[in-house]
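> here is my input, please return the structure:
(one chain, ligands or ions: 3)
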Amino acid sequence: MWPFRAFPVVLFLFESGWSAKSVSSVKVPFLYEPHIEITVSPIVTPDTLRILDISWRCEDNWVEGDWVALYNVEPTEKSQPSKFSHVVKEDEGWVRTYIPENRTFPETPSFKKQCLGWYAAYWRQSDMITLPVATTCLTTNPTWMEDNWESIKSISLRNIFLPGTHDAGAYQLAYSPFEPNRFQKYVYAQDESIMEQLIHGARYLDFRIGRYPSAFWLNHDIARVHILEYVLEDVKLFLNKTKEIVVIDVHAFPVGFKNRPDSHAELIQYFRTKMGDHLLAFMGYDTTMQQIMDTGKRLIIAYNDAGIVAKNTMFLWYPISQKWGDVKSVADLYKYLESIMHGRHPRSTMWSAMAEMTPDAWGVIVDKYKGLRTMADLSNHNVTEWFYDEWGGQANIVAVDFIRSTGIVSTAIKWNKAKTAMVPTRSRRTTIFRSLKR
Ligand SMILES: *[C@@H]1O[C@H](CO)[C@@H](O)[C@H](O)[C@H]1NC(C)=O
Ligand SMILES: *[C@@H]1O[C@H](CO)[C@@H](O)[C@H](O)[C@H]1NC(C)=O
Ligand SMILES: *[C@@H]1O[C@H](CO)[C@@H](O)[C@H](O)[C@H]1NC(C)=O
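Ligands and ions are numbered 1, 2, ... in the order given. Below you'll find the model as predicted:
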C-alpha cells in the first residue's frame with residue numbers, strides 16, 4: 001500500500017570515523033511511512049485552552065477522499081462516529097479541531113507511557129481498504145530512552161537528537177480558560193510543569209536562574225517565575241522513577257549574579273546538596289548514552305561559564321552552545337535555522353537549535369505579537385516539519401516553546417532510531433547502506 005519512494009535523502013553523517021564532510025545518500029525509512037499525530041495548541045482564550053490539532057503526512061500517497069478524524073475511544077472502523085473529521089487535500093498538513101484536551105486538576109504524574117484519551121486515524125475512502133492508513137493517540141513519553149535503548153545506547157551526546165524546552169522554568173500550568181494579561185503573555189514560554197515536560201519527553205531543560213535574598217528562582221529574563229527548589233524536586237522524582245538521562249542547561253544568570261562570585265558558589269553548592277546523588281561528573285560530550293548509564297548517574301548540569309566549570313568538573317559540564325536567531329517571523333526562523341543546520345557545529349560540546357521566535361521590547365509594549373503563545377502557535381507546526389524531514393539527521397538539541405504543540409519528541413525518537421541504523425561503525429557501513437538503499 002505504501003511503496004517506498006525511490007529517491008534518496010541526502011544526509012550528513014558525523015559518527016565514528018566519519019568526517020563532518022562525508023555525505024552519503026541513504027534512505028530514511030520512516031520518512032516514507034504514513035504518519036499522524038495529535039498536538040496541543042498553546043492558544044488560550046476566555047473560552048477555551050489546550051485545543052487539539054491533528055497533523056498528518058503520507059509522502060506522495062495521498063488519494064482523493066482521504067480524511068483524518070479524532071476520537072475519544074480507540075477507533076476500530078471507518079464508520080465509527082468521531083468527535084471531529086476533516087477531508088485531507090494534500091500529502092502533508094495539519095488541522096485544528098477546536099476540541100479541548102479537557103484536563104482536570106489535580107493530576108498525579110504517571111511514569112508509564114500512556115494514551116491520554118484522544119485518538120486519531122487517517123482513513124482512505126476506497127471500499128477495499130478497511131484498516132486505517134495510520135493511527136495515533138495523544139500520548140506521554142516518560143520512558144522513550146529506555147524503550148529505545150538498544151537503538152540509542154551507542155549514540156554520543158554530540159550526536160543524539162534531544163528534544164527540549166526553551167526557558168523551561170517559565171511555565172504556567174492552567175486547567176481552565178482565561179484571558180492572559182500582558183505579563184502572562186510574554187513571560188510564559190511553556191504550559192507544562194517541569195515534571196510534565198519530562199513526562200512528555202523533554203530531556204533538555206534550558207534554565208535561567210535568578211538569585212534573590214530568599215531563594216534561587218527560575219527566571220524569564222528579569223521576571224522570576226518559579227522557585228528552583230520545587231523544580232529540582234520534580235527533576236529528582238523523575239530521575240528516581242525512570243531510567244532516562246536528563247540535561248539541564250543553566251544558561252543565564254539574569255538577576256543577582258553580576259559581580260557576585262559568591263552567588264555562583266552558593267548555587268553550585270545548592271545543586272550539590274539537592275541533586276548530589278544524581279550529578280554526573282564531566283566526561284566529555286563524546287560520551288555515549290551507555291557510558292553515562294554505566295556510571296549510575298543520569299543528570300548532566302551544563303553551566304554557562306567555562307571558568308567556573310573548570311573548577312567544578314566533578315559536578316558541572318562545560319557550556320552548551322545555544323543557537324538563537326532572535327527572529328520575529330516564521331520565514332526568518334527558517335532562514336536562521338537553515339544557516340545553523342547547514343553550518344559548522346561545535347566539535348567539543350552539544351549545541352541547541354533554539355527553535356522559537358522572540359519578540360522585541362517595543363513589540364511587547366504594543367502587544368504586536370499577541371504573546372508567546374500566539375508566536376509559538378504560528379511556528380511550531382513548521383518547526384516540527386523542518387526537523388522531521390530536512391534537518392533531523394543533523395540535529396543535536398532542539399529547544400522549543402510550548403513543547404506539546406510540536407511533534408519534536410516523536411520526531412527525535414524516530415531520528416535517533418534511524419541514525420543508529422544508518423550510522424554504524426566503519427566495518428558495517430557498506431552492508432547497512434546497501435540494505436537501506438534497496
Ligand atoms: C470534558 O470533561 C467534562 C467533565 O469530565 C465532560 O462533561 C465534557 O463532555 C468533556 N468534554 C469533551 C469535549 O470531551
Ligand atoms: C530520590 O532518591 C534519592 C536516593 O536515591 C533520595 O534521597 C531522594 O529523596 C529521592 N527523591 C525523591 C523526590 O523521591
Ligand atoms: C509554515 O506552514 C504553513 C502551513 O501550515 C505554510 O503555509 C508556510 O509556508 C510555512 N512557512 C515556512 C516559512 O515554511
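
> quick check: end-to-end length of stretch 359-373?
From its first residue to its last, stretch 359-373 covers 12 Å (CA to CA, to the nearest Å).

> ok, stretch 74-93 next?
End-to-end distance of stretch 74-93 (CA to CA): 22 Å.

> repeat that for stretch 102-109.
Termini of stretch 102-109 sit 17 Å apart (CA to CA).

> list the contacts of that stretch.
Arg50, Gly117, Tyr175, Met195, Glu196, Ile199, Leu237, Phe238, Lys241 (CB atoms under 8 Å, 6 or more residues apart in numbering). For glycine as for every other residue, the C-beta is placed from the backbone atoms N, C-alpha and C.

> mind listing the helices for the stretch 301-438 of the chain?
Remark: helices assigned in the stretch 301-438 of the chain by DSSP state H, counting those that start in this stretch are 306-310, 330-341, 361-365, 372-385, 408-422, 429-437.

> so which of these is nearest ligand 1?
helix 372-385 (20.1 Å; CB to the nearest ligand atom).

> in terms of secondary structure, what does the closest one contact?
On a contact count with 3 or more CB pairs under 8 Å, 6 or more residues apart in numbering; DSSP states H and E, helix 372-385 meets strand 35-40, strand 51-57, helix 182-187, helix 330-341, strand 397-400, helix 408-422.

> give me the mean pLDDT for stretch 151-167.
The average pLDDT within stretch 151-167 is 97.

> buried residues in it?
151-152, 154-167 (16 or more other CB atoms under 10 Å).

> quick check: Trp415 vs Gly325, distance?
Trp415 is 22 Å from Gly325, where distance means CB to CB, to the nearest Å.

> can you report phi and psi for the residue nearest the centre of the chain?
The residue lying closest to the centre of the chain (CA atoms, centre = their mean) is Pro163, at 2.9 Å. Backbone torsions of Pro163, given as degrees, to the nearest 10, read phi -80, psi 140.

> what about it, distance to ligand 2?
For Pro163, the distance to ligand 2 equals 23 Å [CB to the nearest ligand atom, to the nearest Å].

> quick check: that residue touching Leu205?
No: Pro163 is beyond contact range of Leu205, at 10.8 Å (criterion: CB atoms under 8 Å).

> ok, back up a step: for the buried residues of stretch 151-167, work out which two are farthest apart.
Ser154 and Asp167 (31.7 Å; CB to CB).

> quick revisit: in helices only, show me the contacts of stretch 102-109.
The members of the contacts of stretch 102-109 that map onto helices under DSSP state H are Met195, Glu196, Ile199, Leu237, Phe238, Lys241.

> looking at the stretch 1-150 of the chain, what residue ends up closest to ligand 1?
Asn102 (3.7 Å).

> sorry, back to before: higher neighbour count, Trp415 and Gly325?
Legend: neighbour count by other CB atoms under 10 Å for Trp415 and Gly325, higher for Trp415 (22 against 19).

> so for the residue nearest to that one when sequence neighbours are not counted, what's the pLDDT?
Once flanking residues are discounted, Trp415 sits nearest to Gly392: 3.9 Å by CB to CB, 6 or more residues apart in numbering. pLDDT, Gly392: 94.

> Gly392: how many residues sit nearby?
When counting by other CB under 10 Å, one arrives at 25 neighbours for Gly392.

> Glu33 now?
16.

> next: Val250.
25.

> that one contacts Asn304, doesn't it?
Yes: assessed by CB under 8 Å, Val250 is found in contact with Asn304 at 6.2 Å.

> let me know the distance separating the nearest residue to Phe315 once chain neighbours are set aside from ligand 3.
In space, Phe315 comes closest to Leu279 once its chain neighbours are excluded; the distance is 5.0 Å by CB to CB, 6+ apart. Distance of Leu279 to ligand 3, computed by CB to the nearest ligand atom: 40 Å.

> got it, and Ile408?
15 Å.

> need the per-residue pLDDT for that residue.
Looking at Ile408, its pLDDT reads 98.

> pretty sure it is touching Asp401, no?
No: counting by CB under 8 Å, Ile408 does not reach Asp401; the two are 10.8 Å apart.

> low-confidence stretches in the protein?
Low-confidence segments of the chain (pLDDT under 70): 1-27, 422-438.

> what residues does it put near ligand 1?
Counting by CB under 6 Å from any ligand atom, the positions of the chain adjacent to ligand 1 are Asn72, Ile99, Asn102.

> assign the second one to helix, strand or coil.
Read it as Ile99. Judged by DSSP: H, G, I helix; E, B strand; the rest coil, the three-state class of Ile99 is strand.

> the last one now?
Here Asn102 is coil, with the state taken from three-state DSSP.

> what is the neighbour count of it?
Asn102 has 14 nearby residues by other CB under 10 Å.

> residues of the stretch 201-350 of the chain that sit close to ligand 3?
Selection of the stretch 201-350 of the chain residues close to ligand 3 by CB under 6 Å from any ligand atom yields Val330, Ala331, Tyr334.

> show me the domain layout of the chain.
9-141+428-437, 144-422 (automatic domain parsing).

> ranking those domains by burial, who's on top?
domain 144-422 (a mean of 19; mean count of other CB atoms under 10 Å).

> what's the closest non-adjacent residue to Leu299?
Nearest non-adjacent residue to Leu299, counting by CB to CB, 6+ apart: His278, 4.1 Å away.
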